[in-house]
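Chemist: Build me a structure from this.
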Amino acid sequence: MSAPAPLVRLVEPALPAALFTRLRRAVVALGTENLRDGYQTTFWFDGGRPASLVEEAILALRGHYPARLAGFEWWLSRMRTSDVKVDFHQDCDERLLRRGGPLRHPAQGSVLFLNRCRGGLLAVTEAPPCEENPARAPDDLSALDLVRPWPNRLVLFPGDATHGVLDADGEVPTRRLRPAEPLRLAIAINGWRRRPTGVPGFAGARRYAALRLSPPAPAPPARPRAVPAPRRVR
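Modeler: Numbering: from 1, shown residues only. I've put the predicted structure just below:
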């Protein structure tokens with residue numbers, strides 16, 4: 001019996017080297033800004049003019065996502081693998097669901113890794129999360145697709161797949177480990193066929209100034225056109 005096809009697809013190197021270096025340096029420059037609430041701070045990009053380095057990167061990656069998307073939801077995924085606080089979950093339009101609407105998943109899930117770290121493997125599976133288990137891990141851990149963080153590696157997976165992060169020891173997180181590990185840096189990018197409820201654009205945000213692109217310089221004023229002197233009438 002043949003093994004099931006993997007749920008994940010890897011693209012590496014995902015970005016041109018110069019763009020990846022700019023993006024990684026900008027994320028590093030943020031330090032721990034908004035680290036605690038980073039997973040709840042998401043932005044919408046419709047694929048038009050980018051307002052951030054992340055959105056410039058999304059345009060460069062666009063060919064790896066399905067056609068006919070309405071746009072992309074993105075957020076910074078930064079954590080210490082010695083203190084993983086993200087349970088196994090399925091991404092969805094959370095505000096719509098809280099309002100009693102239908103369960104709606106993105107068309108495509110993905111993670112762009114910016115650095116390497118100890119542990120921190122991305123775990124993806126078709127099995128649902130289990131509330132009774134630590135970190136809501138699925139019952140069958142043998143079916144996990146595991147991806148090691150690596151600079152400029154893009155991981156794509158189905159938008160309704162269950163996913164989570166293993167700790168520095170490669171285990172389902174159950175406690176804080178010692179010593180504290182450096183930050184695992186990544187960017188989560190979901191492609192949507194319909195914009196998720198209440199997700200703002202980055203242009204008006206007051207966070208992550210290091211990611212902001214400079215607005216285009218205004219065009220120089222047009223020079224007045226010379227008017228020829230009138231001829232004398234004799």
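Chemist: Quick check: buried residues in the helix or strand of the chain with the lowest mean pLDDT?
Modeler: Every helix and strand in the chain was compared by mean pLDDT, DSSP states H and E; the lowest is helix 94-98, with a mean of 94. Within helix 94-98, the residues that qualify as buried are residue 96, counting by 16 or more other CB atoms under 10 Å. Where C-beta positions appear, they are placed from N, C-alpha and C, glycine not excepted.
Chemist: Quick check: what element follows it along the chain?
Modeler: strand 108-113 (DSSP states H and E).
Chemist: in its sheet, what does the next helix or strand after that next one sit against?
Modeler: Using DSSP H and E, the helix or strand that follows strand 108-113 in sequence is strand 122-125. Each strand that pairs with strand 122-125, with its direction, by DSSP bridges: strand 145-147 (antiparallel), strand 162-165 (antiparallel).
Chemist: Need the contact partners of strand 122-125.
Modeler: For strand 122-125, the external contacting residues (CB atoms under 8 Å, 6 or more residues apart in numbering) are 7-8, 88, 111, 138, 140, 143-147, 149, 155, 157, 161-166.
Chemist: and it, average pLDDT?
Modeler: For strand 122-125, mean pLDDT is 98.
Chemist: ok now it, how far from the chain's centre?
Modeler: Per CA atoms, centre = their mean, to the nearest Å, the displacement of strand 122-125 from the mean C-alpha position of its chain is 16 Å.
Chemist: Got a quick PyMOL command for the buried subset of the contacts of strand 122-125?
Modeler: Restricted to buried positions by 16+ other CB under 10 Å, the PyMOL selection for the contacts of strand 122-125 reads:
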select buried, resi 7+8+88+111+138+144+145+147+149+155+157+161+162+163+164+165+166
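Chemist: Excluding chain neighbours, what is closest to the residue positioned nearest the centre of the chain?
Modeler: When CA atoms, centre = their mean is applied to the chain, the residue found nearest the centroid is residue 188 (2.1 Å). In this structure, residue 188 finds its nearest non-sequential neighbour in residue 77, 4.8 Å apart by CB to CB, 6 or more residues apart in numbering.
Chemist: And stretch 173-190, what's buried?
Modeler: So for stretch 173-190, counting by 16+ other CB under 10 Å, buried means 173, 177, 181, 183-190.
Chemist: which residue sits closest to residue 179, ignoring its sequence neighbours?
Modeler: residue 82 (6.9 Å).
Chemist: so who does the one you found touch?
Modeler: Contacts of residue 82 (CB under 8 Å, 6+ apart): 167-168, 176-181.
Chemist: distance of residue 61 from residue 46?
Modeler: 15 Å (CB to CB, to the nearest Å).
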